Structures are given as C-alpha cells and as structure tokens.
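**Student:** Just need the structure, nothing else, for what follows:
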Amino acid sequence: MVEELQGVVEKASRDISEADVLVGRRVRALRLERNLSLSDLGSMAGISIGALSQIERGLTSLRVKVIWPLAAALSVEPSALIGDGADAAGDLYCVRAHARRPLPVRSEGIAKQLLSPPGAALTGMMVIVEPGGGTAEAYAHAGHEFGYVLSGEMELVVDGTAYILRQGDSFAFKSTLLHAFRNNSRVRGEILWVNTTKPSEVRDNG
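**Tutor:** Below is the predicted model of the structure:
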C-alpha cells in the first residue's frame, strides 16, 4: 500500500514537472518570437527577471495571478500558455505544418510562411510565387541566403546576372548583393528559402 502511494506521488510530481517545463518553453518561445528580453517581458508583466527565468526553465509553476499579466504582455490568451495539445503556443525547436506564421510581403503574387521556430539563428521560409508574381525591383540587405526550388520555375537575378531555376535547382549568395526574383511561368513556384536575417526584418521592397 505504501509503495503504491509512493508511486502515485512520484508520478504526480513528474507530471507536474513536465507540465511546468512545457509552459516555460511556451513562454520563452513567445518572448523570443516578439524579440523581447527577460527584462522587457518582466517589466511589462510586473514579474522579476529571476521569477520569469525560473518559469521559462520549468523550475516553478505558473501561478494564477501571474498568468493574466504575462499573457497580456505577450498579447495572447492565457490558454495559449497553459493549454494542452498541439494548438497551444509554438515550440522552441519545432514548427508544425498547420502552425506556420505568414510574413508580411509588399509585392503582389508572393506569399511567405515562416518555417523556423522563435529564436532560431536562421530564418527558414516557404516562399510561394504565383504566375506573374515577383519583386518589383532589386533590393539588398544584410546577411546571407540559400534557396531550393521545390516546384515550378523562377527567374532569379543576383548582382545583375539572371538565372532560370527549376525544380531541384538551388542557390546561395550574400544578401548585400542586389537581387530580385520573378515567376514568368504559368504555374505556381515554391521555394524553400533560408536567410540569416531575423524574421522581423525579412521583407521585399516590391
């Protein structure tokens, strides 16, 4: 009887610990996604840096009185922090197919979905270019980029040189070189695009 009771207590303790770790990862993922430091978020939510750090590391449980101001500071519903299942806040290391976040794009006929999780050193994107879509003009920015054409066809211009890329072709160049791309074909093009620029800075100047 004593052994059974001890087993139940240990299991409950383990479950609580795992839940705390999951909540902490969600909080950290949301904070990094918004480019907030521990100090920034702590100040916004009225939580000390030390307490917030313990929450993110799963060393302490997220108390009820802390959930609301923390969720408000992160601009999410409290359920996003403590909810169960894959529909809760994004993970630190994985992005589910159904949870991709769209990135703002100025040019017509282009859509970008963020593939990399919050805080990742590299920005992975799914770039979808409709027939006739593309950047209005060449542009440049800091960083490096790599791409792989998953489907369709695309004209890529880097530093004045034009390349016709088709399924299976890939490319890489310094982002400081003037570059542009356009889909001159009749079918949609999809490119797996990796950039060293932060998601908040990824854009095209179309």
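**Student:** drop to CA atoms for contacts and neighbour counts, all remaining ones
**Tutor:** OK.
**Student:** Just the element for K112, please.
**Tutor:** strand 110-114 (DSSP states H and E).
**Student:** With T197 instead?
**Tutor:** Per DSSP H and E, T197 falls between elements, in no helix or strand.
**Student:** Could I get the full set of helices for the protein?
**Tutor:** For the chain, applying DSSP state H gives helices covering 2-33, 38-45, 49-56, 64-73, 79-82.
**Student:** how about these in TSV, adding mean pLDDT, distance to K112 and mean neighbour count?
**Tutor:** Output for the helices of the chain, formatted as TSV (pLDDT from 0 to 100; distance: least, C-alpha to C-alpha, whole Å; neighbours: other C-alpha atoms under 10 Å):
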stretch	mean pLDDT	distance to K112	mean neighbour count
helix 2-33	65	16	16
helix 38-45	94	28	17
helix 49-56	92	30	18
helix 64-73	88	27	15
helix 79-82	76	24	18
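**Student:** out of the ones you listed, nearest to N184?
**Tutor:** Between N184 and the helices of the chain, the shortest gap by C-alpha to C-alpha is with helix 2-33, which sits at 34.4 Å.
**Student:** circling back to that earlier point, quick one, which of the helices of the chain gets closest to S175.
**Tutor:** Set against S175 and scored by C-alpha to C-alpha, these come closest in helix 2-33, at 22.6 Å.
**Student:** list the contacts for E190?
**Tutor:** 126-129, 149-152 (C-alpha atoms under 8 Å, 6 or more residues apart in numbering).
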